[in-house]
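> Okay, predicted coordinates and the sequence, questions at the end:
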Amino acid sequence: MSQPDRRILAGLAAPLAASALLVTATPALASEGGLQIYPDAKLVYLIVGFAVLIPILDALLFRPIFRVLDERHQRIEGAKARADEVQRHAGELVQRFELAVQQARSGAEAERQQVLERERREHAARVASERQEAERSLQAARREVARAVTDARQFLRRDAESLAREAAARVLGRSLS
């Protein structure tokens, strides 16, 4: 408990004691000799008892209670400070973790893009190579077909005359000499 709170409670002690005295006081009595406001001198005893009890109660009750309340307040404040520190540290860790995750994602994405680009280049190179090979095969096939056509034409030109005679002989039914 803080010093101002102690002062407030100490300031309330006197009115509380006065209230206790009023509650325990006996009513005024009338007697033959006059009005007795303080019968049997109880008020004096109460005031003396109160004056004696205040330091005793302060030493035995109020100070230990205030000390316990102060210690409790300090522990609570210390726990709050530690909790704030832990929360701040956790926030820093979360930020570092998020940064690391973001960097890892960026790195993975960059690596994925590099692999993808490399595979595209390799694929384009393979396609170009296969295209060139197909073009060479096609040109070779065209040359072969052209050679076969040329050979067939030459064969037909050479044999055309003899084939024509033979065909005419068959059609005519006789031999042409």
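Cool, got the structure. Numbers count the residues shown, from 1 in each chain.
> Now stretch 61-73: average pLDDT?
Confidence over stretch 61-73 (mean pLDDT, whole number) is 91.
> Buried ones in that stretch, by neighbour count?
For stretch 61-73, the neighbour count (16 or more other Cβ atoms under 10 Å) marks F66 as buried. No exception for glycine: its C-beta is placed from N, CA and C like everyone else's.
> Stretch 50-58 too?
By neighbour count on 16+ other Cβ under 10 Å, the buried set for stretch 50-58 is F50.
> Count the neighbours of L60 for me.
When neighbours are counted by other Cβ atoms under 10 Å, L60 registers 11.
> Quick check on it: phi, psi?
Recorded main-chain torsions at L60 are phi -90, psi -30, according to degrees, to the nearest 10.
> measure it to I54 for me?
11 Å (Cβ to Cβ, to the nearest Å).
> Any idea which helix or strand in this protein has the lowest mean pLDDT?
When each helix and strand of the chain is scored by mean pLDDT, DSSP states H and E, strand 29-31 comes last, with a mean of 53.
> quick one: contacts of stretch 109-125?
By Cβ atoms under 8 Å, 6 or more residues apart in numbering, no residue outside stretch 109-125 reaches it.
> could I have that stretch exported to PDB, CA atoms only?
Taking C-alpha atoms only, stretch 109-125 is exported to PDB below (Å, rounded to 0.1, in the frame of the first residue of the first chain):
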ATOM      1  CA  GLU A 109       9.900 -18.300 -54.700                       C
ATOM      2  CA  ALA A 110      13.100 -17.000 -56.300                       C
ATOM      3  CA  GLU A 111      14.500 -20.500 -56.400                       C
ATOM      4  CA  ARG A 112      11.300 -21.800 -57.900                       C
ATOM      5  CA  GLN A 113      11.400 -19.100 -60.600                       C
ATOM      6  CA  GLN A 114      15.100 -19.900 -61.300                       C
ATOM      7  CA  VAL A 115      14.300 -23.600 -61.600                       C
ATOM      8  CA  LEU A 116      11.300 -22.900 -63.800                       C
ATOM      9  CA  GLU A 117      13.200 -20.600 -66.100                       C
ATOM     10  CA  ARG A 118      16.100 -23.100 -66.400                       C
ATOM     11  CA  GLU A 119      13.600 -25.900 -67.200                       C
ATOM     12  CA  ARG A 120      12.000 -23.600 -69.800                       C
ATOM     13  CA  ARG A 121      15.400 -22.900 -71.400                       C
ATOM     14  CA  GLU A 122      16.200 -26.600 -71.400                       C
ATOM     15  CA  HIS A 123      12.900 -27.500 -72.900                       C
ATOM     16  CA  ALA A 124      13.200 -24.800 -75.600                       C
ATOM     17  CA  ALA A 125      16.700 -26.200 -76.400                       C
END
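> roughly how far out does it sit from the chain middle?
Taking Cα atoms, centre = their mean, to the nearest Å, one finds stretch 109-125 lying 32 Å from the centre of the chain it belongs to.
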